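Colleague: build me a structure from this.
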Amino acid sequence: MSPRFSSGRCALIAIWFGISAIAAASPQPVFGGDASCAQGFAPLQSGAHVIRSEVDLQTVNVQVKDKKGNNVAGLAARDFTVSEDGHPQKIAFFDAGNGPVTVAVLVDSSSSMVRKARLGSAEEIAARFMRIARPGDEIWAMDFTEWTGRFERITQKQLSNHGPLTIAGAGGSGSALYDAIAGAICHLRSSTNPRQAIIVVTDGIDEHSRISLDRLIDLMRSQRPQLFLIGFPSRPEFRSFNHSQPKVTLVTGHDIDNPDVVFSRLAKEAGAQTFIPKSENGLQDALKAVSNLLESEYTLAYYPPKTSRNLRRIEVKVDRSGARVLASRFLVGSPDSADVVHFVDGTCAVSPKFHPYSYESHLTKARGQTVYRDDFSDPNSGWPQHPDSHYVPGGYELSTAEGPPLLASGAVSLSETTTLLRTYRDNVVAAWGPTWWNFRVSANMKAVFEPPRPSSGRVQFSSLVHPAAGLVFRMNEKGYYALLVTPTSQFKKKELVSRPGKYKKKLAFEVVAMTFHVDSTGRPSFVPSVIVPWIVVDGASPADAQLAVQAVGDQITIFMNGRQVGSVRDSRFAEGCVGFTAWAPARATFSNLLVQQR
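Modeller: Residues are numbered from 1 along each chain as shown. Sure, this is the predicted structure:
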C-alpha cells in the first residue's frame, strides 16, 4: 500500500526529496539566491544561558572579482569602505585571507543521509578538510542527528598518529539541522579568532529542531561565523516529488520546511554559500572550494553602532577600477535585537524549557514514569492539521474520503458513489509526540465505515482492502505497527454491497507491520506484513471502542474496552512514536489519548 502524499512533526520518513541543483557539473558556490517523532523527550531544564544578537564586532566576508571573474588579490583596508544603513563605519579589523580561521565541521548522520557511511563521520570529514586547510587554522567537528554529538577539536597530532579518530557519534536517526547550527555558533563564541566558519554536510531535512528556520536566520545575521552548506541529495526515490512549495508533508502528516527552500533562504537571508556536489566523490572538491574561498576572501569588521532597527543594511565598496564586491552579508540583525536563543546552562544544547515541542506541555511524571495525555481540546498541541487529519470538537479525526464525508449511518452523502469512491485515499496516518520504547497507549475511537463497492466490475482501490481504523505505534524511519479494527460484517461478501453500515455487536482486529520499502523503479511504499491475523471480538463495536496496546520489548499485547484480546511477539520496530490511522474507506475520531511509560 502506498503511503499518503500531500502538500500542504513525529517527523520521520521524508518521502519526497532531492536537491534540485544536483545536476550541477561541479560544486559551484551559490552566492545569494533566495522535526520524536519529534526529538526524544528530555526533562525540562531549570536554567539556561542565551546567545543574544549582540557581538563585539560585526564581520563581513567579501570577495573581489575583476571583469573576467578572477579574484583580485593584494588589497588593503584602505581600499575598502564599509557603510551601515548609509553611514560610513571605521574598519576595526581587516584580513586578506592570511589570518587563521576557526572552522566547525558539522555532519548530518540522520537516516535520510542514507549514504553517510561512505561520506564519512564528522571527524573524518573534518580531518579531510584539515589536510587542505592552512597551518594555524583551528578545526572542530560535531556529528548531529536529532541529537548533537561532542564538539571536539581535530589536531595535527591526531592526524599524524594515523590512528582512528574517536569522536563519538550523536546516535539517533532524525535530524535537527537548525539546532545543530545554533549549537555550533554557541561553541564558536569561545574562539578568539575574528574569522569563523561553519561547514555543514547535510541534505537539508530538519524534522526535530526546537528553533525555527526564521530564528536561525536571525541568529546567523547577528553572529560572526560564515556558513557553508554542502548539500547532498536524500534517497533517490524522493527526487520526483514536486518540491516548489515552502513546506512538504511527511508520512506522519506533519509539515517540515522544504529542504530546497532551506538552502535558498539561508543563502539569501543569512549569507550562506552553498555547494551541491554532483556525487559523493564531489565532497572533496566542495571542501577544497570552501578552503579556496576562505583563502581568497577579505574579512572586514567594525563595531556596530547602537540601534533599535531590526535589520541593518551593510554596503561594501572597493576603490579599484573594474573590480566588484561579492559580500556574504548585506542584511544583518540589530545588535540590540531582543531575539534570543536559549541554551541549557553549561552546554550549547538548545533549551527544552525555552524552546519546547508543542507536545511537551502534555507530559507529566507519575511514579517516576513519563505520561503523555492529550484530549485534543487544544488545537495547538502539535498534531497535523490537514483536510484528512485534523482537530474536531472532542477529538482528532482522520478521514480517507477526499469528497463529501460519510454519514453517521455509514452511507455516503452523495448518490454518485462511483465518482466518490475514486477520490478515496488508500490510508491516512497521523502521529506525534516523543519516542517511546516500552509503553502502554490507549485511546477511544468512534468510527464510520463504508464497504468498498465495485464500479464497472472493479473496486476503486490500489489493493484489496477492508475499511479499518486504529492505533499506530513504534513509528520510526523503518516503518510502524498498526492495530486495525473493522466491523465483522466487512468479511461477508453480500453485506459488502447490500447492507453498508448495518453491523452486529462484533468487531475484528488485526496487527500489521508496515515496513518502508523502495521498489526497483525507486517508488517508495509501505509493505504490510500481518503479525496477528483477523480475530473476532464479541461484545464490542468499532463504532465506539477503547483501543489499547502495550509494547514491552518484543511483546505486544492488545486490549479492547479494557479486556485483553490478543498477544504476539515481534521485534521489527523497537521504538517510535504513536498515532492513528484510517484505511479506506473510513472516518474515525479519536479522543482521550494516554501513553504511559513502562
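Colleague: mind splitting the protein into its structural domains?
Modeller: Domain assignment for the chain by automatic domain parsing gives 20-35+99-295, 358-597.
Colleague: pick the most buried one from those domains.
Modeller: Among the domains of the chain, the stretch with the highest mean neighbour count (mean count of other Cβ atoms under 10 Å) is domain 20-35+99-295, at a mean of 20. Where C-beta positions appear, they are placed from N, C-alpha and C, glycine not excepted.
Colleague: for that one, the distance to its chain's centre please.
Modeller: 14 Å (Cα atoms, centre = their mean, to the nearest Å).
Colleague: hmm, back to that, can you list the domains of the chain in JSON lines and add mean pLDDT?
Modeller: What follows is these, written out as JSON lines (pLDDT from 0 to 100):
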{"stretch": "domain 20-35+99-295", "mean pLDDT": "79"}
{"stretch": "domain 358-597", "mean pLDDT": "80"}
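Colleague: and the ones you listed: which comes nearest Glu84?
Modeller: Taking Cβ to Cβ, domain 20-35+99-295 is the member of the domains of the chain nearest to Glu84, at 12.9 Å.
Colleague: need the longest strand for the protein.
Modeller: Criterion DSSP state E: the longest strand present in the chain is strand 524-538.
Colleague: that one pairs with which strands, parallel or anti?
Modeller: Sheet pairing of strand 524-538 (DSSP bridges) gives strand 506-518 (antiparallel).
Colleague: how about the helices of the stretch 101-250 of the chain, start to end?
Modeller: 116-119, 122-132, 156-161, 177-188, 213-221 (DSSP state H, counting those that start in this stretch).
Colleague: possible to save those as CSV with distance to Trp583?
Modeller: Formatted as CSV, the helices of the stretch 101-250 of the chain follow (distance: least, Cβ to Cβ, whole Å):
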stretch, distance to Trp583
helix 116-119, 34
helix 122-132, 42
helix 156-161, 54
helix 177-188, 33
helix 213-221, 34
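Colleague: hmm, back to that, I'd like the next helix or strand past the longest strand of the chain.
Modeller: Sequence-wise, the next helix or strand downstream of strand 524-538 (DSSP states H and E) is strand 545-552.
Colleague: using CSV, write out every CA atom in the longest strand of the chain.
Modeller: Provided in CSV are the C-alpha atoms of strand 524-538 (Å, rounded to 0.1, in the frame of the first residue of the first chain):
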residue,chain,number,x,y,z
PRO,A,524,8.6,4.3,-2.1
SER,A,525,5.8,2.3,-0.4
PHE,A,526,5.0,0.6,2.9
VAL,A,527,4.7,-3.2,2.6
PRO,A,528,2.2,-4.7,5.1
SER,A,529,3.0,-7.9,7.0
VAL,A,530,0.3,-9.5,9.1
ILE,A,531,1.5,-10.0,12.7
VAL,A,532,-1.9,-11.0,14.1
PRO,A,533,-4.5,-12.2,11.6
TRP,A,534,-8.1,-11.0,11.9
ILE,A,535,-9.6,-12.0,15.2
VAL,A,536,-13.3,-11.5,16.1
VAL,A,537,-14.2,-9.9,19.4
ASP,A,538,-17.7,-10.2,20.7
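Colleague: from the middle of its chain, how far away would that strand be?
Modeller: So, by Cα atoms, centre = their mean, the centroid of strand 524-538 is 29 Å from its chain's centroid.
Colleague: with stretch 370-387 instead?
Modeller: The answer for stretch 370-387 is 19 Å, by Cα atoms, centre = their mean.
Colleague: ok so, going back, quick one: closest of the helices of the stretch 101-250 of the chain to Thr347.
Modeller: Among the helices of the stretch 101-250 of the chain, helix 177-188 comes nearest to Thr347, with 8.5 Å by Cβ to Cβ.
Colleague: tabulate the domains of the chain in CSV, adding columns for distance to Lys90.
Modeller: CSV is the format used below for the domains of the chain (distance: least, Cβ to Cβ, whole Å):
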stretch, distance to Lys90
domain 20-35+99-295, 15
domain 358-597, 46
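Colleague: and of these, who's closest to Arg313?
Modeller: So among these, domain 20-35+99-295 is nearest, using Cβ to Cβ, at 11.3 Å.
Colleague: the strands in the stretch 401-550 of the chain, which residues?
Modeller: For the stretch 401-550 of the chain, the strands defined by DSSP state E, counting those that start in this stretch occupy 427-436, 439-449, 454-455, 458-459, 468-476, 479-487, 506-518, 524-538, 545-552.
Colleague: which elements pack onto the second one?
Modeller: Read that as strand 439-449. strand 468-476, strand 479-487, strand 545-552, strand 576-583, strand 586-597 (3 or more Cβ pairs under 8 Å, 6 or more residues apart in numbering; DSSP states H and E).
Colleague: can those strands go into JSON lines with extra columns for distance to Val103?
Modeller: Below are those laid out as JSON lines (distance: least, Cβ to Cβ, whole Å):
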{"stretch": "strand 468-476", "distance to Val103": "33"}
{"stretch": "strand 479-487", "distance to Val103": "38"}
{"stretch": "strand 545-552", "distance to Val103": "44"}
{"stretch": "strand 576-583", "distance to Val103": "36"}
{"stretch": "strand 586-597", "distance to Val103": "41"}
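Colleague: among these, which is nearest Asp179?
Modeller: Among these, the nearest to Asp179 by Cβ to Cβ is strand 576-583 (18.6 Å).
Colleague: so that closest one versus strand 479-487, what angle?
Modeller: 40 degrees (axes from the mean of the first three to the mean of the last three Cα atoms, to 10 degrees).
Colleague: give me the most central residue, this protein.
Modeller: Nearest to the mean C-alpha position of the chain, counting by Cα atoms, centre = their mean, stands Glu207 at 1.5 Å.
Colleague: and Val261, which of the three is it?
Modeller: State at Val261, reduced to three classes by DSSP: H, G, I helix; E, B strand; the rest coil: helix.
Colleague: what strand or helix carries Cys348?
Modeller: Using DSSP H and E, Cys348 falls within no helix or strand.
Colleague: of the helices and strands packed on strand 439-449, which approaches Gln223 most closely?
Modeller: With Cβ to Cβ as the yardstick, what comes closest out of the helices and strands packed on strand 439-449 is strand 576-583 (33.3 Å).
Colleague: now do the closest one against strand 545-552: the angle between them, please.
Modeller: 150 degrees.
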